[in-house]
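S.K.: Below are the sequence and a predicted model; questions follow.
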Amino acid sequence: MVFRALIDRLRGARRTPPARDAQQLALDLARAPRTGAELLTRLTAMGLRGVRSLALTRNRSVVVSAVDGALRVHRAFLDAPDSVHRAIVRFLMAPRRTERVAARRVLVAFPIGDAERRPPRTPERTHPDDEKLAATLTEWHARYNAERFAGALRRVRVRVSRRMRARLGHYAPAQQGRTAEIAISRRHMKRHGMAESLATLLHEMVHQWQDEEGHPLGHDRRFREKAKSVGIVGRAKRVVD
């Protein structure tokens, strides 16, 4: 009898934690998330899969991005309603492009609070002396689009940046009234030549493809596969010497 009572007690102890965990999860989902871990718990409960960690950022250009199981989300989304959190899940998980694009519209439309904003920087324009370089890059964008992307990409502005020091190039999606654009570092072009600059252009065009297909921007497996298909190495980061 004593032995049976001990077994029953142990069985009861084993049953208790799951109930407590379920109750704690319900409490976590009932209140607004306060940390990246709590937001990840909420998104996972909504159907998110394959994400191991979530980091909060202040990046206003790319508010949601994912790379190899690591998710980065703008911290303003902590206070977002469930509809926006569900849009994050759809953006990352939906199999259909139309669903991902619709979810992206929800995310872009979500207002980032004034406390999270810095004074907007004056948009950079191509220096008059670099206009010919920008025109050449724009021509190559059209050529690569036809030859390597089957003409699927939209025509975007390609400019030469004198501000960019550490990065070789950058793709900026359309948002807040600004059109999408690709910027290539002038320092990169001068130091490494046109061939390397065109490889960078292709790299940014793969990001453009991600954006237009409704995928999160990043250097994940999908990015690397697409980069390989258009003839470049999908390296996550390259730095100007």
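M.R.: Right, received. Where do you want to start? Numbers count the residues shown, from 1 in each chain.
S.K.: show me what contacts Arg159?
M.R.: 124-126, 134, 181-184 (CB atoms under 8 Å, 6 or more residues apart in numbering). Placement of C-beta: from N, CA and C, glycine included.
S.K.: Can you tell me which of these is closest to Ala102?
M.R.: Proximity of those to Ala102 (CB to CB) peaks at Glu181, which lies at 23.2 Å.
S.K.: tell me, how many neighbours does the closest one end up with?
M.R.: The number of residues packed around Glu181, counting by other CB atoms under 10 Å, is 18.
S.K.: if we can go back for a sec, and the contacts of Arg159, which of them are buried?
M.R.: Listed as buried from the contacts of Arg159 are 126, 134, 181-184; burial here means 16 or more other CB atoms under 10 Å.
S.K.: Redo the contacts of Arg159 as JSON lines? Include secondary structure.
M.R.: Converted to JSON lines, these look like this (DSSP: H, G, I helix; E, B strand; the rest coil):
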{"residue": "Glu124", "secondary structure": "coil"}
{"residue": "Arg125", "secondary structure": "coil"}
{"residue": "Thr126", "secondary structure": "coil"}
{"residue": "Ala134", "secondary structure": "helix"}
{"residue": "Glu181", "secondary structure": "strand"}
{"residue": "Ile182", "secondary structure": "strand"}
{"residue": "Ala183", "secondary structure": "strand"}
{"residue": "Ile184", "secondary structure": "strand"}
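S.K.: Please report the distance of the residue nearest the centre of the chain from Leu202.
M.R.: What sits nearest the mean C-alpha location of the chain, by CA atoms, centre = their mean, is Ser65, with 2.2 Å. Remark: distance between Ser65 and Leu202 (CB to CB, to the nearest Å) = 20 Å.
S.K.: Would you mind confirming that Met189 makes contact with Val160?
M.R.: Yes - at 7.0 Å, Met189 counts as touching Val160 under the criterion of CB atoms under 8 Å.
S.K.: out of these two, which sits in the more crowded spot?
M.R.: Val160 (25 against 22).
S.K.: chain center to whichever strand or helix holds the more buried one: distance?
M.R.: Assigned by DSSP states H and E, Val160 belongs to strand 157-161. Computed by CA atoms, centre = their mean, to the nearest Å, the chain-centroid distance of strand 157-161 equals 21 Å.
S.K.: what's the following helix or strand after that strand?
M.R.: Using DSSP H and E, the helix or strand that follows strand 157-161 towards the C-terminus is strand 169-172.
S.K.: now that following strand: mean pLDDT?
M.R.: Mean pLDDT, strand 169-172: 93.
S.K.: So which elements touch it?
M.R.: Counting contacts by 3 or more CB pairs under 8 Å, 6 or more residues apart in numbering; DSSP states H and E, strand 169-172 packs against strand 181-185, helix 186-212.
S.K.: what's the spacing between it and its chain's center?
M.R.: What separates the centre of strand 169-172 from the centre of its chain is 13 Å, taken as CA atoms, centre = their mean.
S.K.: Tell me where the model's unsure across this protein.
M.R.: Flagging of the chain using pLDDT under 70 yields the residue ranges 1-32, 113-121, 176, 234-241.
S.K.: ranges for the helices of the chain?
M.R.: 2-30, 36-45, 82-93, 97-109, 131-148, 186-212, 221-229 (DSSP state H).
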